[in-house]
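>>> make a model of this:
(2 chains)
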Amino acid sequence: MAESADKRPNPILQLTLMRLREIGREPGVLFWAFGFPVVMSLALGIAFRARGPEPVVVGALPGISAEAHRALVDAKVTVKPMDGAAAEIELRAGRVSLLLAPPPASGQPLVFRFDPARAEARTARAAVNQILQRAAGQTEPRLVRDEEVHEPGSRYIDFLIPGLIAMNLMSGSMWGVAWVIVQMRVRKLLKRMLAAPMRRHHLMYAFGLARLVIIPLELIVILLFARLAFSVQVTGSYLALLAVSFAGSACFASMAIAVASRAENTETVSGLMNLITMPMFITSGVFFASSNFPESIQPVIRILPLTAMCDGLRAVMIDGAGLVGVLPSLLILALWGVPSFLLGLRYFRWT
Amino acid sequence: MNQQADTPAVLCRGLRKVYDGKHGLFRKPSPAVVAVDGLDLRIERGECFGLLGPNGSGKTTTVEMLEGLLAPTAGEIELLGLRWQRDEEKLRERVGVALQETHLPEKLMVEELLTLFRSFYRKPRPLAHLLAEVELGEKQRAWVGKLSGGQRQRLAIACALVGEPEVLFLDEPTTGLDPQSRRQVWGLVAAYRARGGTVVLTTHYMEEAERLCDRVAVVDHGKLVRVGTPAELIAALPGDHVIELEIEKTTLGRVDIEELRGLLSVTEVHVSAEGAWSLSVREPEHAVAAVLALVERKGCTLARLGTRKASLEDVFVALTGRHLRDG
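Numbering: from 1, shown residues only, chains lettered A, B, ... in the order given. Okay, here's the model as predicted:
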């Protein structure tokens, strides 16, 4: 050991160690890398966990017949008697989904008052209607049987975990590279290293290598947690999962180099990063399917790097895809990453 | 040492740096600034050369151009007979740099940081030698962020000494340090010079320049005002002694500057404050007598009277009309 201490250390290894040590010795960084995705998946997993059907709550105005009232209560519908003015307020506030009003004159129909834009109001109307029709003697012309699905792979949490992994790798790669580079520039550390015979590309390799070490750790933590807490499975190949994760991280790290190439202070770089990442958080389908957005912007959403990463990870984890199945995602990530990297290096400001 | 051993350590001609004015949608347009305005320097090997000037005089811009970290607008630079544009790779191995301000990574240990810098050089000095030289052996496993200002500065100098450079640039190496730490840094510079190294440093402490430098260049507004050994520069003053004179506020206005100028052996008078002057004199014993006689004749009360040998500070005031620490 004493003998080797005088030999020249390897610069790429030393630069990588510098990054890893700075990450490992900074509690805040550790939380954002490992704790945050776990907390997010726990919170969202609980919020959207599988539940029985929502109870139906309806308001009954004076004059509703006792038979109707009993039929509804027997079918486990909550019926709250209320009078006109209060009823309208309750309906508007969503505390009741539907108002039952007696027929204005004998011989006229019973009235359902509800807001058809509310999903639970439409559900309540259908349920209440069916109960009242049956009570009035209607029979079903065709028999059906309900089958409820709670299989792993088709729940919200199965959709969410790949999205969270993609989001976390994006944030880690972008902030972990762009922010750190700008801080090194502000603190004149880049200049100081350049004043030593450091090869510029060695520093870039080191940033990449440090991420290569961190990514599998991040994956293990969140996948293990998702498996233990929610039985989330990876149905496809782990190789494909790693390929998408590495390609995505490399792509976002390259974009980070481009973003950080000229920025002279951390305020500028945070602004730019939010500008780039926020629209993707919203549109790329991290938390809900991006198909909710209008058809006209779908082509744009589909070629965003975060969309590609989410799609790739979901293909592996949910649909059981292998390497071939994620090729389109890898291609999109490369198309964003390579030009960003070249541009970033071309305009990089060291001092 | 090699075939270029006869070339000077540093040579620059017509060095100039103009910072472009900035224009932008959201900022006030600022005019172009001439930071360095036609500098010629020749620094021999083994010399300790000081650039002396107040803040904003262009010292840092000058050394950063010499260090190859800033591209000159015009002019030529040669270090050890080599040029940055052509021979950067070779020069980086042979030149050591401590910037005016570097926030070294706080979460690294001293030995980790030095190992990092050792990895950049083909033939780095052994870690133990470096630690011993800058007296940080006990702090080997301490985080950089936990070091005192003086320890941090010695670490920064150790980083510059990793490759055993032939030329060492130190930009304000002791600014903000306490006297004890300052002396430790001076000791490092002396030890490095004893091994034959060339030092180029900037400072606004005249004591530091007088103590360390074989020659100094007085720089002001990006121009070289005078170059010479500290002794030469002081000797070139109109008087090599200074009388500091101050009279009581109640007797202000009874003595004017012209009367002081006319006294025996006084060569120059500067107003240092209201009712206070500093007089350059050739023969202090005659001048003091003349000053006292004048003060008595005018009925003034002396608040302070002192004489001292002229220093680089006086050189600076005489050459630029400003004090070194003035902004």
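>>> now residue 154: which helix or strand?
Since no chain was named, I'll use chain A. Counting by DSSP states H and E, no helix or strand carries A:S154.
>>> hmm, no, I was thinking of chain B.
Secondary structure (DSSP H and E) places B:R154 in helix B:149-161.
>>> what average pLDDT does the helix or strand following that helix get?
Next helix or strand after helix B:149-161 toward the C-terminus (DSSP H and E): strand B:167-171. Mean per-residue pLDDT for strand B:167-171: 96.
>>> gap between strand B:167-171 and the chain center?
Chain-centre distance of strand B:167-171: 11 Å, with Cα atoms, centre = their mean, to the nearest Å.
>>> then stretch B:70-86?
22 Å.
>>> report the angle between the helix holding B:R154 and strand B:167-171.
Interaxial angle, helix B:149-161 versus strand B:167-171 (axes from the mean of the first three to the mean of the last three Cα atoms, to 10 degrees): 150 degrees.
>>> so A:R155 versus A:S291, what's the distance?
18 Å (Cβ to Cβ, to the nearest Å). C-beta coordinates here come from the backbone N, C-alpha and C atoms, glycine included.
>>> still on that earlier bit, so what does the helix holding B:R154 touch, helix or strand wise?
With contacts taken as 3 or more Cβ pairs under 8 Å, 6 or more residues apart in numbering or on different chains; DSSP states H and E, helix B:149-161 sits against strand B:95-98, helix B:110-120, helix B:127-133, strand B:167-171, helix B:179-194.
>>> most tightly packed of the ones you listed?
strand B:95-98 (a mean of 27; mean count of other Cβ atoms under 10 Å in any protein chain shown).
>>> roughly how far is that one from the heart of the chain?
Distance, centroid of strand B:95-98 to centroid of chain: 16 Å (Cα atoms, centre = their mean).
>>> so that strand, near chain A or not?
Yes. Taking Cβ under 8 Å from any Cβ of the partner chain as the criterion, strand B:95-98 and chain A are in contact, through B:V97.
>>> for that strand, name the packing helices and strands.
helix B:149-161, strand B:167-171.
>>> and the angle for the first one with helix B:110-120?
What that stands for is helix B:149-161. Using the same axes, to 10 degrees: helix B:149-161 against helix B:110-120 is 20 degrees.
>>> repeat that for the shortest one.
Inter-element angle recorded for strand B:167-171 and helix B:110-120: 130 degrees (by the same axes, to 10 degrees).
>>> where along the stretch 51-200 of chain A do the strands fall?
A:57-60, A:78-81, A:98-101, A:111-113 (DSSP state E, counting those that start in this stretch).
>>> please read the previous query as pertaining to the stretch 201-327 of chain B.
B:215-220, B:223-228, B:241-247, B:266-273, B:276-281, B:302-309.
>>> out of the ones you listed, the one nearest A:A60 is which?
strand B:215-220 (92.1 Å; Cβ to Cβ).
>>> just give me the neighbour total for the residue in the stretch 251-351 of chain A that chain B sits nearest to.
As assessed by Cβ to the nearest Cβ, chain B sits closest to A:T351 within the stretch 251-351 of chain A, at 6.0 Å. For A:T351, the count of nearby residues is 13 (other Cβ atoms under 10 Å in any protein chain shown).
>>> for the residue nearest to it when sequence neighbours are not counted, list the residues it contacts.
Nearest non-adjacent residue to A:T351, counting by Cβ to Cβ, 6 or more residues apart in numbering or on different chains: A:K191, 4.7 Å away. The contact partners of A:K191, by Cβ atoms under 8 Å, 6 or more residues apart in numbering or on different chains, come to A:185, A:350-351, B:69, B:99, B:102.
>>> for chain B, what are the nearby residues on the stretch 251-351 of chain A?
So far as Cβ under 8 Å from any Cβ goes, the stretch 251-351 of chain A lies against chain B at A:T351.
>>> re earlier: indicate which one of the helices and strands packed on helix B:149-161 is closest to A:L333.
Comparing the helices and strands packed on helix B:149-161 by Cβ to Cβ, helix B:110-120 comes nearest, at 31.5 Å.
>>> on that earlier part again, doesn't the residue of the stretch 251-351 of chain A closest to chain B belong to a strand?
No. According to DSSP: H, G, I helix; E, B strand; the rest coil, A:T351 belongs to no strand; its state is coil.
>>> bridged to the spatially most central residue of chain B, which residues?
Residue closest to the mean C-alpha point of chain B, counted by Cα atoms, centre = their mean, is B:T203 at 2.1 Å. Counting by DSSP bridges, B:T203 forms beta bridges with B:L52.
>>> so where is the stretch 201-327 of chain B shaky, pLDDT-wise?
The model of the stretch 201-327 of chain B has pLDDT under 70 over residues B:323-327.
>>> please state the offset of stretch A:13-26 from the chain centre?
The answer for stretch A:13-26 is 29 Å, by Cα atoms, centre = their mean.
>>> pretty sure B:V34 is in a strand, no?
Yes. Secondary structure assignment (three-state DSSP) places B:V34 inside a strand.
>>> quick one: neighbours of it, just the number.
B:V34: 15 neighbours (other Cβ under 10 Å).
>>> ditto for B:E88
13.
>>> what's the distance between it and B:L82?
9 Å.
>>> for A:S340, same thing?
Using Cβ to Cβ, we find A:S340 at a distance of 36 Å from B:L82.
>>> look at those two and report which has more neighbours.
Shown here are A:S340 and B:L82; by other Cβ under 10 Å, A:S340 has more neighbours (21 against 18).
>>> follow-up on the earlier one: A:V38 is nearest to which of the helices and strands packed on helix B:149-161?
helix B:110-120 (30.0 Å).
>>> can you tell me what sits against that closest one?
Here helix B:110-120 has contacts from A:8-11, A:13-15, A:17-18, A:21, A:193, A:196-198, B:104-105, B:108, B:124-125, B:127, B:130-131, B:136, B:139-142, B:144, B:147, B:155, B:158-159, B:162-163, using Cβ under 8 Å, 6+ apart.
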